[in-house]
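Visitor: Give me coordinates for this.
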Amino acid sequence: MSVLWEKSETWRWIVRNSRASKPFFLAFATVCGVVPGVIGYCVMQFTNSSNPELEAHLRRNARSDSLRGEVKMMGKVNQERLAEFLGELQRKEDINDRYVAALRGETLTRKPYERIQPIPKQTNSEEAKEQK
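Guide: Below is the predicted model:
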């Protein structure tokens, strides 16, 4: 602000009048807030297309059906996970090993006596196949 104060006579005039007159300050503050708002509104109205053909084309090409299917699938998966978790809580099973395994980067199995199964290490031949 000191650069403006030192270099711009107009800015010094605005500051002097703002200090001296409360109505001038309120008018200046209103202009600083309203003018950018009006400009933004005009830009939005100008760039907003209300072409019915374009809207119909965009609606036809939208992936709403596939997104609904994905949402339903994720809802089903989450419901199954929640049911499994609540079942373990009802049976009062010890599930702390699940979280310990997750922190170690291991995967749990469904066998009751073999709950933790480490992620298999990749061999050199598998790594070479992936690089190709």
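Visitor: could you give the mean pLDDT of the helix or strand Thr30 falls within?
Guide: Assessed by DSSP states H and E, Thr30 sits inside helix 22-47. Throughout helix 22-47, pLDDT has a mean value of 92.
Visitor: ok, residues contacting the next helix or strand after that helix?
Guide: On the C-terminal side of helix 22-47, the closest following helix or strand by DSSP H and E is helix 52-61. Defining contact as C-beta atoms under 8 Å, 6 or more residues apart in numbering, one finds that helix 52-61 is touched by Ser49. C-betas here are computed from N, CA, C, even on glycine.
Visitor: Output helix 52-61 in PDB, but only the C-alpha positions, please.
Guide: Output in PDB follows, covering the C-alpha atoms of helix 52-61 (Å, rounded to 0.1, in the frame of the first residue of the first chain):
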ATOM      1  CA  PRO A  52     -31.700 -26.500 -26.000                       C
ATOM      2  CA  GLU A  53     -29.900 -28.500 -28.700                       C
ATOM      3  CA  LEU A  54     -26.600 -28.300 -26.800                       C
ATOM      4  CA  GLU A  55     -28.300 -29.200 -23.500                       C
ATOM      5  CA  ALA A  56     -30.000 -32.200 -25.100                       C
ATOM      6  CA  HIS A  57     -26.700 -33.400 -26.700                       C
ATOM      7  CA  LEU A  58     -24.900 -33.100 -23.300                       C
ATOM      8  CA  ARG A  59     -27.700 -35.000 -21.500                       C
ATOM      9  CA  ARG A  60     -27.600 -37.800 -24.100                       C
ATOM     10  CA  ASN A  61     -23.800 -38.200 -23.700                       C
END
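Visitor: how about that helix: buried residues?
Guide: By neighbour count on 16 or more other C-beta atoms under 10 Å, the buried set for helix 52-61 is empty.
Visitor: C-terminal to it, what's the next element?
Guide: Sequence-wise, the next helix or strand downstream of helix 52-61 (DSSP H and E) is helix 64-90.
Visitor: Cheers, nothing more for now.
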